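>>> predicted model follows, preceded by the sequence.
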Amino acid sequence: MITTMREILPTTLNGDDAGRLLCGFNVFGYEEALAVVQAAEALGAPTLLMVNRALAAHMSPSIIGPMLHSLAQQAHVPIGVHLDHAYDITIIQQALDSGFTSVMYDGSQLPLSENIRNTQRVSELTKAAGASLEGEVGTVPYSDLGEGHPQFTDPDQAGKFARETGVDALALSVGNIHRLEQKGQVDIDFDRLQEIENRTEIPLVIHGASGLSDSDLMQLCQTHVAKINVGTQLRQAYTLALKEYLRTHPQDFDPLRLRSATIPRVQMAAESILKICNWNELK
Ligand SMILES: [Zn+2]
């Protein structure tokens, strides 16, 4: 069933979903989205299908949005459709008109006052559409784009941003880095995270979860972090499965068989992350 991010953000401190993290998975097409939905159904985990900025540049949200929305509608667990890292209000409006149920406005590169002003404007759009909104304070760099050092989230700025924008969730830079290719390459600054938690009640978000150790992820389950973003681990699973299929079926040229061969491995990767985030049938 289709849902918004707000409805499935774990409360983290009490309730049935305490100690769990909502996993947002970047998907790039039908097969990965289907694999994520199947993983979510297998573990009874509400989940987000996310479109990242590279995909949104490659394929208009008006094309990918209805497909993901339809997949989410047919799922047996609540699934949201999320546009990640949007900088442009035109793209955000297009996404809201095309089946996305949450967006992230990323004004983190701007001065705080401008970030707040723009986020407030986007908040009016998401409210009108009945969608959820994520913002960001501090900058999470991309390991593969040669972007400079992270600008860690300032706890006072995070508190001010949360109060003045009313976003549903706030993305932080506390040691996390996008697109790391191995687990455990960075450490979360839990002291800074605690400082941020002392200044705001808002659900917090960690991007770049593929680069975190399992123990950091498990520790995050006990904080106000309510959502993680996962991209690289699923892209690796997809491509490994595709290479393996091509190696073992060198004569095959059928796109459907090639793409379908990726589904089990992507599903397995998504399930293993969901399990670390405490989604399992036994709980
Ligand atoms: Zn991100």
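Sure, I can see it. Residues are numbered from 1 along each chain as shown.
>>> please make it C-alpha for all contacts and neighbour counts, starting now.
Will do.
>>> which residues in the stretch 51-200 of the chain form helices?
With helices called from DSSP state H, counting those that start in this stretch, the stretch 51-200 of the chain shows them at 53-58, 61-74, 89-96, 112-129, 155-165, 190-199.
>>> make CSV out of those and add mean pLDDT and distance to residue 207.
Listed next are the helices of the stretch 51-200 of the chain as CSV, based on pLDDT from 0 to 100; distance: least, C-alpha to C-alpha, whole Å:
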stretch, mean pLDDT, distance to residue 207
helix 53-58, 95, 13
helix 61-74, 98, 21
helix 89-96, 96, 19
helix 112-129, 98, 18
helix 155-165, 97, 16
helix 190-199, 96, 14
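>>> need the outlier residue of the protein, farthest from its centre.
Distance from the C-alpha centroid of the chain, by C-alpha atoms, centre = their mean, peaks at residue 251 (36.7 Å).
>>> just checking, residue 150 touches residue 139?
Yes. The pair residue 150 and residue 139 passes the contact test of C-alpha atoms under 8 Å, sitting 5.7 Å apart.
>>> what sits against residue 23?
By C-alpha atoms under 8 Å, 6 or more residues apart in numbering, residue 23 lies in contact with 47, 48, 227, 228, 229, 230, 274, 277.
>>> from residue 277, how far off is the fifth one?
According to C-alpha to C-alpha, to the nearest Å, residue 229 and residue 277 sit 12 Å apart.
>>> which one's more surrounded, those two?
Taking neighbours as other C-alpha atoms under 10 Å, residue 229 and residue 277 compare with residue 277 leading, 24 against 21.
>>> rounded mean pLDDT for the helix or strand hosting residue 246, please.
Element membership for residue 246, per DSSP states H and E: helix 232-248. Averaged across helix 232-248, the pLDDT comes to 97.
>>> how about residues contacting that helix?
Against helix 232-248 from outside (C-alpha under 8 Å, 6+ apart): 25-27, 32, 179-181, 210, 252, 258-259, 261-263, 265-266, 269-270.
>>> for it, buried residues please.
Residues 232, 233, 234, 235, 237, 238, 241, 242, 245 are the ones in helix 232-248 that count as buried (16 or more other C-alpha atoms under 10 Å).
>>> now stretch 87-103
Buried, per 16+ other C-alpha under 10 Å, within stretch 87-103: 87, 91, 92, 93, 95, 96, 98, 99, 100, 101, 102, 103.
>>> taking the residues you listed together, which two end up most distant?
Greatest spatial distance in the buried residues of stretch 87-103: 87 and 99, 18.5 Å, computed using C-alpha to C-alpha.
>>> what about residue 98, distance to residue 49?
14 Å.
>>> ugh, wrong one, residue 279
16 Å.
>>> starting at the chain centroid, how far to stretch 207-214?
Distance of stretch 207-214 from the chain centroid (C-alpha atoms, centre = their mean, to the nearest Å) equals 12 Å.
>>> out of the contacts of helix 232-248, which sit inside strands?
If you go by DSSP state E, these have 25, 26 in strands.
>>> which among the contacts of helix 232-248 end up buried?
Buried, going by 16+ other C-alpha under 10 Å: 25-27, 32, 179-180, 210, 258-259, 261-263, 265-266, 269-270, out of these.
>>> thinking again about what came up before, may I ask which of the contacts of residue 23 has the most neighbours?
Top of these by neighbour count (other C-alpha under 10 Å): residue 48, with 32 neighbours.
>>> so that one is in which element?
Assigned by DSSP H and E, residue 48 falls in strand 47-51.
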